[in-house]
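Asker: make a model of this:
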Amino acid sequence: MFLKKLTLLQEKIPHDSKYPFSIPAIKHLREMTFQKSVTFFVGENGSGKSTLLEAIADKCEFNTAGGGRNNTYEVHASESSLGDYLRLSWLPKITNGFFLRAESFYHFATHLEEVDNTGFVHYGGRSLHEQSHGESFLSLFKHRFNQRGIYLLDEPEAALSPARQLAFLKIIHDLTRNNEAQFIIASHSPILLGYPDAEIFSFDGDTIAEVSYENTDHYTLTKYFLQHREKLLAELFSEDV
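Answerer: Now for the predicted structure:
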């Protein structure tokens, strides 16, 4: 384990602060402890999970537009100042890793076009722009995520088919089985969330709370849909009548 705990320094936050401190899960955050090699953040859009993940990336000195410490390029990212009020506790301190923002991955691929002089050896030997969206994500996971480090991923399922999400779970397993990597992932995917023995934190309430896989909305709603598809859709569409 590398990142053991984060603390929000509430006493340093100005009293007139608004976003992101207006988000309930962030407003009431004090500490969060990480006890597993794989952690998931779940919650509805706007619940604060991506905001906190980006703040962790900022404190790790990763490019918050996406990338690691050595990827310097600019693209519009969150203007959140949350990272200024976080303290991270490490054992041991790790500086290697990567922050993936699915929404700005195209810009990261363009950045590589401009600076890579290795023949894209860390990305499968081909430009990410010459691969499909899903292929480029898997190339990153397979070849770039091969060192001892912490990997912060914001909705990595965005470009992955269900089969490739399963392939990604195998990559996570291979990287973490010898305690060589730590993953913190914001996700909506019931497939990824099913990773065994992961800890899952829900941002949907007033406070961030750990939940079991079976108690996530992602699991219960997907299960209900698969078991009662016709009934659920009939009820949903009847609201338009």
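
Asker: pLDDT of the lengthiest helix in the chain, averaged?
Answerer: Taking DSSP state H as the criterion, the chain has its longest helix at helix 162-176. The pLDDT scores in helix 162-176 average 94.

Asker: hey, C-alpha coordinates of it in PDB?
Answerer: Output in PDB follows, covering the C-alpha atoms of helix 162-176 (Å, rounded to 0.1, in the frame of the first residue of the first chain):
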ATOM      1  CA  PRO A 162     -17.800  -5.200 -21.700                       C
ATOM      2  CA  ALA A 163     -15.200  -7.700 -22.900                       C
ATOM      3  CA  ARG A 164     -12.400  -5.100 -22.700                       C
ATOM      4  CA  GLN A 165     -13.600  -4.100 -19.200                       C
ATOM      5  CA  LEU A 166     -13.000  -7.700 -18.200                       C
ATOM      6  CA  ALA A 167      -9.500  -7.500 -19.800                       C
ATOM      7  CA  PHE A 168      -8.800  -4.400 -17.800                       C
ATOM      8  CA  LEU A 169      -9.800  -6.200 -14.600                       C
ATOM      9  CA  LYS A 170      -7.100  -8.800 -15.400                       C
ATOM     10  CA  ILE A 171      -4.600  -6.000 -15.900                       C
ATOM     11  CA  ILE A 172      -5.500  -4.600 -12.400                       C
ATOM     12  CA  HIS A 173      -5.100  -8.000 -10.900                       C
ATOM     13  CA  ASP A 174      -1.700  -8.600 -12.500                       C
ATOM     14  CA  LEU A 175      -0.400  -5.200 -11.300                       C
ATOM     15  CA  THR A 176      -1.700  -5.400  -7.700                       C
END
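
Asker: which strands and helices lie in contact with that helix?
Answerer: With contacts taken as 3 or more C-beta pairs under 8 Å, 6 or more residues apart in numbering; DSSP states H and E, helix 162-176 sits against helix 133-139, strand 181-186. (Each C-beta comes from the backbone N, C-alpha and C, glycine too.)

Asker: next, the buried residues of it.
Answerer: 164-165, 168-169, 171-172, 175-176 (16 or more other C-beta atoms under 10 Å).

Asker: and which of those residues is nearest R101?
Answerer: F168 (16.4 Å; C-beta to C-beta).

Asker: who's in contact with the closest one?
Answerer: By C-beta atoms under 8 Å, 6 or more residues apart in numbering, the contact set of F168 is 137-138, 141, 156, 160, 192.

Asker: spatially, which two of the residues you listed are the most separated?
Answerer: Across the contacts of F168 (C-beta to C-beta), the longest gap, 13.6 Å, separates L138 and L192.

Asker: more neighbours, the two?
Answerer: L192 (23 against 19; other C-beta atoms under 10 Å).

Asker: would you agree that one is in contact with F183?
Answerer: No: proximity of L192 to F183 does not meet the contact threshold set by C-beta atoms under 8 Å, at 10.0 Å.

Asker: for L86, list each beta-bridge partner.
Answerer: L8 (DSSP bridges).

Asker: swap that for F40, please
Answerer: Under the criterion used here (DSSP bridges), F40 is bridged to I185, I200.

Asker: mind listing what it touches?
Answerer: So, once contact is read as C-beta under 8 Å, 6+ apart, F40 ends up touching 184-187, 192-193, 195, 198-201.

Asker: tell me the one among the residues you listed nearest to T51.
Answerer: A186 (9.4 Å).

Asker: neighbours of the closest residue in space to Q165 that isn't next to it in sequence, just the number please.
Answerer: Counting by C-beta to C-beta, 6 or more residues apart in numbering, I191 is the residue found nearest to Q165 once chain neighbours are left out, at 4.5 Å. For I191, the neighbour count with other C-beta under 10 Å is 18.
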